[in-house]
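[1] Curious how this folds, go ahead:
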Amino acid sequence: MKVTIVGAGNVGASCADIISYRGIASEVVLLDIKEGFAEGKAMDIMQCATTTGFNTLLSGVTNDYTKTANSDVVVITSGIPRKPGMTREELIGINAGIVKSVAENVLQHSPNAILVVVSNPMDTMTYLALKATGLPKNRIIGMGGALDSSRFKYFLSKALDKPANDVSAMVIGGHGDTTMIPLTRLASYNGIPVSEFLSEAALQQVAADTMVGGATLTKLLGTSAWYAPGASVAYLVDSILNNQRKMIACSVYLEGEYGQNDICIGVPCIIGRNGLEEIVTINLNEAEKELFAKSADAVRAMNADLKSILA
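    Down below sits the predicted model:
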């Protein structure tokens, strides 16, 4: 199985490292427009092979899409990262043209690939990739919900003072500081609702911390986070290539599900060898439905800025 990662920055390189180390794919190609950058990242990772014991073949290329041919999955991380004080929404104008060009280029050489979109604003870039390529909805997946859910579990584990791997929780809605919806009502610790252990005030604080999780790291680091995003992409790619059919919150195209049409937004999905295998419908309460509708409105408003690019 072959994976191409377009964009050898922090997120792309972290993703390549994890996929290689865990043996998720037999071959990984890291591509970047900066001369020698992807080659250097790939060489650095490959020099870990004998000390960490992986056998994945990883190579780096500078803007040569022919080397990406016959990829099963293509991960798009291209674009500029967030800087302190910058919202994901502010990135639309810069990153939209990049994502459109990348999607078209990779499909020339890998016409059957499943595209995983990471570039921000992720829901809007996922929608752009779908509309620009004309691919069926199962082959265009936005990663954001996997990352947001992992951050939600982290903050819940801190509040519970329990291992994060014992926590089950999910974030749906848009991948934005004001649009994501941490489902506190459905979160559990080893099958027991977390509300049995945490007060409503504590749960609301966890939700608030989750929603600004990315911005908090951007403020601390001076740029976007990369370890958790890279790991979230690898987790999603693993479920695709190995047909694990995991339920993962992903940004996918809705056609009536959750009361929404013509939009890509985070919902629970079964992810397997065909990409999006199934959209899972969960029973939201009235408050959650209202939040989801507001989130969709905000994402749809950002999508309106794509008209000139998609024309």
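[2] This protein: helices as residue ranges?
    10-22, 37-46, 49-52, 92-109, 122-133, 144-160, 200-211, 213-221, 227-241, 286-303, 307-310 (DSSP state H).
[3] Which elements pack onto the first one?
    This means helix 10-22. strand 2-6, strand 27-32, helix 37-46, helix 227-241 (3 or more Cβ pairs under 8 Å, 6 or more residues apart in numbering; DSSP states H and E). (C-beta placed from N, C-alpha, C; glycine too.)
[4] ok, now which ones touch Met122?
    Going by Cβ atoms under 8 Å, 6 or more residues apart in numbering, Met122 touches 88, 142-144, 175, 251.
[5] With just CA atoms, put stretch 178-191 into CSV.
    Extracted C-alpha coordinates of stretch 178-191, given in CSV (Å, rounded to 0.1, in the frame of the first residue of the first chain):
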residue,chain,number,x,y,z
THR,A,178,-16.3,28.3,17.7
THR,A,179,-17.9,25.6,15.5
MET,A,180,-16.8,22.3,17.1
ILE,A,181,-19.2,20.5,19.4
PRO,A,182,-17.7,18.3,22.1
LEU,A,183,-20.4,15.8,22.9
THR,A,184,-20.1,15.9,26.7
ARG,A,185,-23.4,14.1,27.2
LEU,A,186,-22.2,11.0,25.4
ALA,A,187,-18.6,10.9,26.8
SER,A,188,-17.8,8.0,29.0
TYR,A,189,-15.0,6.5,31.2
ASN,A,190,-14.8,2.7,30.7
GLY,A,191,-18.5,2.7,29.7
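[6] and the residue lying closest to Ser110 once chain neighbours are set aside, backbone torsions?
    Among residues not flanking Ser110 along the chain, Ser71 sits closest, at 4.2 Å (Cβ to Cβ, 6 or more residues apart in numbering). Main-chain dihedrals, Ser71, degrees, to the nearest 10: phi -70, psi 140.
[7] do you know how far Ser71 is from Val106?
    The gap separating Ser71 from Val106 is 7 Å, by Cβ to Cβ, to the nearest Å.
[8] Need the residues touching each of these two.
    By Cβ under 8 Å, 6+ apart, the residues touching both Ser71 and Val106 are 4, 113.
[9] just checking, what packs against the lengthiest strand in the chain?
    Longest strand in the chain, counting residues (DSSP state E): strand 261-272. Packing partners of strand 261-272 (3+ Cβ pairs under 8 Å, 6+ apart): helix 122-133, strand 140-142, helix 144-160, strand 171-173, helix 227-241, strand 246-255, strand 275-279, helix 286-303.
[10] Next, the residues that contact the fifth one from outside, please.
    Outside of helix 227-241, the residues within contact range by Cβ under 8 Å, 6+ apart are 1, 3, 10-15, 17-19, 22, 24-25, 72-73, 75, 77, 114, 116, 118, 141, 143, 146-147, 150-151, 244-246, 248, 250, 271-273, 275.
[11] Now the buried members of those residues.
    Neighbour-count burial (16 or more other Cβ atoms under 10 Å) is assigned, among those, to 1, 3, 10-15, 17-19, 24-25, 72-73, 75, 77, 114, 116, 118, 141, 143, 146-147, 150-151, 246, 248, 250, 271-272, 275.
[12] can you pull the contacts of Ala187?
    Ala187 is in contact with 152, 156, 167-170, 193-194, 203, counting by Cβ under 8 Å, 6+ apart.
[13] Recalculate using a threshold of 10 Å.
    By Cβ atoms under 10 Å, 6 or more residues apart in numbering, Ala187 lies in contact with 149, 152-153, 156, 160, 167-171, 193-195, 198, 203, 206-207.
[14] Could you do Leu156 as well?
    Each residue near Leu156 by Cβ under 10 Å, 6+ apart is listed here: 162, 164, 166-169, 182, 184, 187-189, 194, 197-198, 202-203, 206-207, 209-210.
[15] With Val117 instead?
    If you count contacts by Cβ under 10 Å, 6+ apart, Val117 has them with 74-78, 99, 102-103, 123-130, 140-144, 233, 250-251, 264.
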